[in-house]
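S.K.: Take a look and give me a structure for this.
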Amino acid sequence: MTRTRIGMLGCGSLGRRHLRNLRTLGYSNLLAFDPDPAARAAAHRESGAVCMATLDEVWAREPGVVVASPSGITQSGTLLPSNLAVY
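M.R.: Numbers count the residues shown, from 1 in each chain. Now for the predicted structure:
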């Protein structure tokens, strides 16, 4: 099933759970960002998400975004672009 591209900000246990659930629901165009390479690897392994090392890589693909992160990612001085759908 092809649906909206979804980007997950945060690949800890909650973010990975959301990614697995989205995959189960038929979403196949999943992106994920986390500053921790091990968390990105786990997200890819568990859900098949394409993992990004920087937020700029995520923004370039213009996904809808789910924030599943401690405040560190979203309060690190990086603002969410205004053209994204954020959930």
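
S.K.: Tell me the predicted confidence for residue 58.
M.R.: pLDDT recorded at residue 58 is 89.

S.K.: In this structure it contacts residue 30, no?
M.R.: No - with contact defined as CB atoms under 8 Å, residue 58 does not reach residue 30; the gap is 11.3 Å. Where you see a C-beta, it was placed from the backbone N, CA and C, and this is true even at glycine.

S.K.: Now do the shared contacts for these two.
M.R.: residue 7 (CB atoms under 8 Å, 6 or more residues apart in numbering).

S.K.: This protein: strands as residue ranges?
M.R.: 6-9, 30-33, 50-52, 64-67 (DSSP state E).

S.K.: quick one: strands adjacent to the second one?
M.R.: In other words, strand 30-33. strand 6-9 (parallel), strand 50-52 (parallel) (DSSP bridges).

S.K.: Could you say which of those strands is packed most deeply?
M.R.: Ranked by mean neighbour count, the strands paired with strand 30-33 are led by strand 6-9 with a mean of 24 (mean count of other CB atoms under 10 Å).
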